[in-house]
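# I'd like to go over a predicted model; first the sequence, then the structure.
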Amino acid sequence: MAPVCLITGAGDGTGAACARRFAAGGYRVAMLARTEERLRKLEGEIEGSSGYFCDVSDLEHFTATMAQVREEMGAPSTAIHNAVTASFGTVLEADPKTFEHIFRVNTTALMVLAQGVAPAMVKAGKGAIIVTGNTSAWRGKPRYSMFAPTKAAQRILAQSMARDLGPKGVHVAYVTIDAAIDTPWTRPRLRPDEPDDFFCKPKDIADEIFHIAHQATSAWSFDVEIRPFHETW
Amino acid sequence: MANPVCLIAGAGPGTGGECARRFASGGYRVAMLARNKERLDALEAEIQGSRGYVCDVSDLDGLMATAECVRDEMGAPEVVVHNAVSGILEGGGAAKFLEDDPTRLERNFRVNTTSLLYLVRSTAPAMIEAGKGAIVVTGNTSATRGKPAFAYFAPTKAAQRILCESMARDLGPKGVHVAYVMIDAAIDTPRTRPIFAADKPDEDFCKPTAIAEEIFHVAHQDRSAWSFLVELRPDRETW
């Protein structure tokens, strides 16, 4: 039986590209997202994939959805936490009410994901949990006051999990993407006129994630940085 | 002119209480926020010009009301010390993070991080108007690394540090100094001592008086040479 890969935030960008990459690599993919229509489209396109309507900020529903995936498809041997939310503005300008919701999606949901998928991985003695992040996990710029703290928390949570689960055979990795990702929704907002190679391509990110999920146990990465060749950093 | 006001959130028996003493002896009128009224009463009686405000910072509306009350009764704080913390002791014991209640993470986030956001939104505008002020936050090494037993705590301190960084970059050019003090040691308080190592010698612990001295120093650095990250550890700490 083909292994199962669970992906949160299976949208237009990295999440969908991961679904395609893991399917091509022999996985049956469970895709969680909030847009029913997009899920149905991906299901139609990707053989052996199943879409699950799920808002990960609803923690109980998220837990129930993972149970449903286990029942219908089997326990995932790989999980990718790609669901993300954000709001922008300085501490004084931003809406402070968004802060804890952002933390919930980016960070608490990762804890819930680990609780849902890690026990079976530990039992099997193998598995991978990969989290997609960005440079906000490392630094707080003024306009990222509502977002960067939650990504920093997410990375440190992943690190706690990695240190605990590693010796049990479960590989946890954090992929810091230092670039705008080329998706239908980022492109018009960020730099519509930039050449293609300004952006990090979801397909290439997915290739890296697939690679990390299959590293030899004697040489695992925790922090992985990715940026396009001409990004200033 | 009246002496400046220093607001301390988390004025307990350790670092917070010592900061209150240090800023009072440095000429401040100190507003102390804590949950424990008895302890606040004792500190108030001991420290001249200080005032205690019973406040649970996890109640954000209550926190905003208290900050307003401080402004009305004492004046706008020129220095804010955010020392309230949740999860360091019990969160430190969460070795089985796979089985614990994930919303515990959010409770710690509320006290350690969200309350800081709200406190700064309430106090920074007056500092910006005055063109000066200091916001000092006490953290620890959990802000930079996630050990397994700290899965419910470290992420919230990492978030707190990055929030401070974001604030520091924004408020610095407006004259407001934001600093993050990382204490890499067990602090010697009546609460921590029995938990960490009752039989260890005094020298293994970071002393609240020494930490308060450093916080006072950081809050008064010359603006041409401000620290953002300040690390503190006892001489003999392994790191």
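Sure, I can see it.

# what residue ranges in the chain score low on pLDDT?
Since no chain was named, I'll use chain A. By pLDDT under 70, the low-scoring segments of chain A are A:187-188, A:190-192.

# Chain B was what I was after
Across chain B, the ranges flagged by pLDDT under 70 are B:1, B:89-95, B:195-198.

# So which residues of it form helices?
Assigned by DSSP state H, the helices in chain B fall at B:15-25, B:37-46, B:60-74, B:103-109, B:115-130, B:154-171, B:192-197, B:208-219.

# same deal with chain A?
Going by DSSP H, chain A shows helices at A:14-24, A:36-45, A:59-73, A:99-103, A:109-124, A:148-165, A:186-190, A:202-213.

# Pick the most deeply packed of the ones you listed.
helix A:148-165 (a mean of 27; mean count of other Cβ atoms under 10 Å in any protein chain shown). Every residue, glycine included, has its C-beta placed from N, CA and C.

# and that helix, C-alpha only, in PDB?
Taking Å, rounded to 0.1, in the frame of the first residue of the first chain, the C-alpha atoms of helix A:148-165 are listed here in PDB:
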ATOM      1  CA  ALA A 148       6.800  37.300  12.800                       C
ATOM      2  CA  PRO A 149       6.300  36.400  16.500                       C
ATOM      3  CA  THR A 150       4.000  33.600  15.500                       C
ATOM      4  CA  LYS A 151       6.500  32.200  12.900                       C
ATOM      5  CA  ALA A 152       9.300  32.400  15.500                       C
ATOM      6  CA  ALA A 153       7.100  30.500  17.900                       C
ATOM      7  CA  GLN A 154       6.300  28.000  15.200                       C
ATOM      8  CA  ARG A 155      10.000  27.400  14.500                       C
ATOM      9  CA  ILE A 156      10.900  27.000  18.100                       C
ATOM     10  CA  LEU A 157       7.900  24.600  18.600                       C
ATOM     11  CA  ALA A 158       9.200  22.600  15.600                       C
ATOM     12  CA  GLN A 159      12.600  22.500  17.200                       C
ATOM     13  CA  SER A 160      11.200  21.200  20.500                       C
ATOM     14  CA  MET A 161       9.400  18.500  18.600                       C
ATOM     15  CA  ALA A 162      12.400  17.600  16.500                       C
ATOM     16  CA  ARG A 163      14.600  17.100  19.600                       C
ATOM     17  CA  ASP A 164      12.000  14.900  21.200                       C
ATOM     18  CA  LEU A 165      10.800  12.900  18.100                       C
END
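
# hmm, back to that, could you export the helices of chain A as JSON lines, including distance to residue B:236?
JSON lines is the format used below for the helices of chain A (distance: least, Cβ to Cβ, whole Å):
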{"stretch": "helix A:14-24", "distance to residue B:236": "47"}
{"stretch": "helix A:36-45", "distance to residue B:236": "57"}
{"stretch": "helix A:59-73", "distance to residue B:236": "43"}
{"stretch": "helix A:99-103", "distance to residue B:236": "37"}
{"stretch": "helix A:109-124", "distance to residue B:236": "35"}
{"stretch": "helix A:148-165", "distance to residue B:236": "25"}
{"stretch": "helix A:186-190", "distance to residue B:236": "50"}
{"stretch": "helix A:202-213", "distance to residue B:236": "39"}
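
# burial of the residue nearest to residue A:163 when sequence neighbours are not counted, as a residue count?
With Cβ to Cβ, 6 or more residues apart in numbering or on different chains as the criterion, residue A:163 has its nearest non-adjacent residue at 4.9 Å, and that residue is residue B:148. Each residue near residue B:148 was counted by other Cβ atoms under 10 Å in any protein chain shown, and the total is 19.

# Residue A:217 now?
For residue A:217, the count of nearby residues is 9 (other Cβ under 10 Å).

# Now do the phi/psi pair for it.
Backbone torsions of residue A:217, given as degrees, to the nearest 10, read phi -60, psi -20.

# Pretty sure it sits against residue A:167.
No: here residue A:217 does not reach residue A:167: they are 10.6 Å apart, not a contact under Cβ atoms under 8 Å.

# For residue B:154, give me its contacts.
Counting by Cβ atoms under 8 Å, 6 or more residues apart in numbering or on different chains, residue B:154 touches A:156-157, A:159-160, B:142-143, B:145-147.
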